[in-house]
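Q: sequence-free structure coming up:
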């Protein structure tokens, strides 16, 4: 973080593609015969049109995969680019890695730039693991001497030592991917462009590669990472950009952008507010107004640090006098298992009928309780004696729990996500 | 990287075949055998006084290098498929590597050619030293025409369909199975616009000493080859930017 000089700068990048248009319908016999003669000419024009454009934007079969994208990356910064499928992320990376040229706009960078858009491109089955390391390394821009230097590390990291002189076609697919990732992970350019490469191999290896990428990111390398994974972006990146429909929708802190991304793509977020008319309502008795994940200052948050105490805030309205109403919620993990149920337990509400009006209750979850992952919340309004559930709203919201790996969470310095439903930080004596 | 790439092509091509690299000799030997039977024994084409088999051999060896390399270079960019889409590297590597890959085969056939000539009692003259120069002309012509074809082939696969026929036609437009002396003198300069004419005649002159070195033909060959290289590189560089979009 010593200097904050801009190392990669993109301004107004746009990319236009032509999508195929439907060919005409069936023709009569003579017309088909005629067509046979004229078609080569039409095809010729069509193929030419693939890369030649009129300057009219009105052409109906033209799409802008990327439109007017500008941003800067400073030296040592790790920038995350998030967006749904087809948002233009990969097009952007391809432009930056010089594989395709932008229709308009330009970018410049300093130093060397390598990109890894897919693990294992350029691996050849007939060659041995050793040969592929050298070949792949050189394709990705390493010099022979550089590869010699990290060769043992690569082999060691991939865990395929025993098969290093076996042709890669006899490898299991997992081994190939591991080897390919290992080569890529040991690249040493000034700027590294990565696309969705963290999700390779089995669970253990993908954790290992995440950890590796993390050490790369924290070693002061400049990285641009495209990912679907909010966890990966939140862990690795300093700053993020959210792309939709080919344009930058938002750019800012990792927390903001991952929150926005989760909210936009999963169509849920950590705050759920119902409009009065749509609110879940139990026969004119009670109505649910909102459920939110909040921090200690009662501000809504999208991402929860694994060490952080957070609250599930339920806001509801009593519409009829004389009811005992207790809000409760369940915390559900990504696999759909209910971790626990928590019910409002302040004694004043246990047996006391409520007045008409708005109520807000917040159940607090201590820091260092949950494991990393994505959680949803089921909310109910009910009474206990007699047990009566007025209404239940399942999966009212989703939120993400992330471990920044500072070494002071339950996992300590362990790089992998510790198995288990929860991850409490226990006292050891 | 270029070296590794060439080496990969060669290694992959002969991986898991019992005869391995010897396969590179097969096209040459089979063609010489056929030509000797058909044109040497049946048609009895004049071979400038040399034994027909050797005459054919000295034509077939440079010719096969030219035609195989031209084919390989033409399809090199299209054939790189996923590489183009996923990795950035100087695209010029593709045609150059394809050419050197075939050059390796050529070297092997050329060694066999020298051995066969030595066995048949030929005495090599000083003009053998011109051979590297002739080979260089082949390389330049292959790269020039090949890169043009390769760049067009990315857009129009038609080029690849045509290449086989073009190279067959070119073979008969080159003095592979017959001597240049069969071509009427008034057409000889037009004929020698085909860069392989000067090269093959040069090969025969150097190895069989049937005729003096045809410097006029070689000069035309070299000029045509250089022009094609210039055109090829310019067009290739211009088309390069769109390879990944269309290919």
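A: Yep, it's here. All of these numbers come straight from a predicted model, not from anything done at the bench.
Q: What residues does chain B have near chain A?
A: B:1, B:4-5, B:8, B:11-12, B:15-16, B:82-89, B:155-156, B:241-242, B:244-246 (C-beta under 8 Å from any C-beta of the partner chain). C-beta here means a position set from N, CA and C on the backbone, and glycine is covered the same way.
Q: and those residues, which are buried?
A: Those of those that meet the buried threshold are B:1, B:4-5, B:8, B:83-89, B:155, B:242, B:244-245, by 16 or more other C-beta atoms under 10 Å in any protein chain shown.
Q: Which members of those define the maximum pairwise distance?
A: Spanning the widest gap among those are B:4 and B:155, at 28.8 Å by C-beta to C-beta.
Q: which SSE is residue 131 in?
A: You didn't pick a chain, so chain A it is. Element membership of residue A:131, judged by DSSP states H and E, is helix A:129-139.
Q: You answered for a different chain; I wanted chain B.
A: Applying DSSP H and E as the criterion places residue B:131 in helix B:131-155.
Q: Now do the helix or strand that that helix is followed by: which elements does it pack against?
A: Downstream of helix B:131-155, the next assigned helix or strand under DSSP H and E is helix B:158-172. When contacts are defined as 3 or more C-beta pairs under 8 Å, 6 or more residues apart in numbering or on different chains; DSSP states H and E, helix B:158-172 sits against helix B:52-79, helix B:131-155.
Q: Would you mind giving those as a markdown table with mean pLDDT added?
A: Shown next, in a markdown table, are those (pLDDT from 0 to 100):
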| stretch | mean pLDDT |
| --- | --- |
| helix B:52-79 | 91 |
| helix B:131-155 | 92 |
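Q: Please name whichever of these is nearest to residue A:63.
A: With C-beta to C-beta as the measure, helix B:131-155 is the member of those nearest residue A:63 (20.1 Å).
Q: List the buried residues for that closest one?
A: Buried residues in helix B:131-155, counted by 16+ other C-beta under 10 Å: B:131, B:134-135, B:137-155.
Q: Quick one: residues contacting the residue nearest the centre of chain B.
A: Centroid-nearest residue in chain B: residue B:66, 0.8 Å away (criterion: C-alpha atoms, centre = their mean). Taking C-beta atoms under 8 Å, 6 or more residues apart in numbering or on different chains as the criterion, residue B:66 is in contact with B:138, B:141-142, B:196, B:199.
Q: Mind pulling the model confidence for residue B:17?
A: If you check residue B:17, the pLDDT there is 71.
Q: Next up, the contacts around it.
A: So residue B:17 contacts residue B:23 (C-beta under 8 Å, 6+ apart).
Q: which SS class is residue A:315?
A: What DSSP: H, G, I helix; E, B strand; the rest coil gives for residue A:315 is strand.
Q: residues near it, how many?
A: Number of residues near residue A:315 (other C-beta atoms under 10 Å in any protein chain shown) recorded here: 18.
Q: isn't it right up against residue A:289?
A: Yes - between residue A:315 and residue A:289 there is a contact under C-beta atoms under 8 Å: 4.5 Å.
Q: which neighbours do these two share?
A: Contacts common to residue A:315 and residue A:289, judged by C-beta under 8 Å, 6+ apart, are residue A:358.
Q: Could you tell me the phi and psi values at the residue of the stretch 201-350 of chain A found nearest chain B?
A: Relative to chain B, the nearest point of the stretch 201-350 of chain A is residue A:226 (13.4 Å; C-beta to the nearest C-beta). Torsion angles at residue A:226 (phi, psi; degrees, to the nearest 10) stand at phi -100, psi 130.
Q: show me what contacts residue B:10?
A: Contacts of residue B:10 were listed using C-beta under 8 Å, 6+ apart, and they are B:101, B:104.
Q: Let's test this: mean pLDDT of whichever strand or helix holds it, rounded?
A: Using DSSP H and E, residue B:10 sits in helix B:2-13. Averaging pLDDT along helix B:2-13 yields 76.
Q: gap between it and the chain center?
A: 19 Å (C-alpha atoms, centre = their mean, to the nearest Å).
Q: Please name every helix or strand in contact with the helix or strand following that helix.
A: Downstream of helix B:2-13, the first helix or strand assigned by DSSP H and E is helix B:26-35. Helices and strands touching helix B:26-35, by 3+ C-beta pairs under 8 Å, 6+ apart, are helix B:52-79.
Q: For the following helix or strand past the helix it packs on, enumerate the helices and strands it packs against.
A: Per DSSP H and E, the first helix or strand lying C-terminal to helix B:52-79 is helix B:82-86. Applying 3+ C-beta pairs under 8 Å, 6+ apart, one finds that helix B:82-86 contacts helix B:243-246.
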